[in-house]
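In: Here is a sequence together with a model predicted from it:
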Amino acid sequence: MYAIIEAGGKQYRVSPGDRLKVEKLNLNQGELVEFKPILIGKENGEVVLQKGKVVAEVLNQGKHKKVIVFKFRAKKNYKRWRGHRQPYTEIIIKEIQEV
């Protein structure tokens, strides 16, 4: 069984036991979070729309690797270095409940 959930403006296909990094959620480690699925797919190929919920547990908070943003203008002595590390929340999918 799988479900497609939306978190942080992005969609993820998840199954029980999957670990994924989503946009930062203001939750502490060990807390449970529920997502409303966009659709749920079953083993026999049947698809159910927006019925049920996906329960996940927060594993930890962190930041991705640094992305360097370098701006440069030729012959103008203009150079700018900026770095950015996007925060994330790592979750594990506990179960997919359907109604």
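Out: Sure, I can see it. Numbering: from 1, shown residues only.

In: Residue most distant from the centroid, this structure?
Out: Distance from the C-alpha centroid of the chain, by C-alpha atoms, centre = their mean, peaks at residue 75 (42.2 Å).

In: SS state for that one?
Out: coil (DSSP: H, G, I helix; E, B strand; the rest coil).

In: Model confidence score at residue 53, please.
Out: Residue 53 carries a pLDDT value of 90.

In: residue boundaries of the strands in the chain?
Out: Here the chain has its strands, by DSSP state E, at 2-7, 10-14, 19-23, 32-35, 39-41, 47-49, 53-63, 67-73, 78-84, 87-97.

In: May I see these arranged in CSV, with mean neighbour count as well?
Out: Glycine gets a C-beta too; all of them are placed from N, C-alpha and C. Output for those, formatted as CSV (neighbours: other C-beta atoms under 10 Å):
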stretch, mean neighbour count
strand 2-7, 19
strand 10-14, 15
strand 19-23, 16
strand 32-35, 14
strand 39-41, 18
strand 47-49, 10
strand 53-63, 17
strand 67-73, 9
strand 78-84, 9
strand 87-97, 17
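
In: Leaving out the residues flanking it, which one is nearest to residue 49?
Out: residue 39 (5.2 Å; C-beta to C-beta, 6 or more residues apart in numbering).

In: hang on, residue 88 packs against residue 21?
Out: Yes: using C-beta atoms under 8 Å, residue 88 is in contact with residue 21, at 4.3 Å.

In: Need the residues touching each of the two.
Out: Jointly contacting residue 88 and residue 21 under the rule C-beta atoms under 8 Å, 6 or more residues apart in numbering are 62, 64.

In: so how far is residue 69 from the residue farthest from the centre of the chain?
Out: The gap separating residue 75 from residue 69 is 21 Å, by C-beta to C-beta, to the nearest Å.

In: now residue 96
Out: Residue 96 sits at a distance of 38 Å from residue 69 (criterion: C-beta to C-beta).

In: Could you pull up the contacting residues of residue 16?
Out: Contacts of residue 16 (C-beta under 8 Å, 6+ apart): 1, 93-96.

In: Considering the residues you listed, which is situated nearest to residue 32?
Out: Minimum separation from residue 32 among the contacts of residue 16 (C-beta to C-beta) is found for residue 94, which lies at 7.4 Å.
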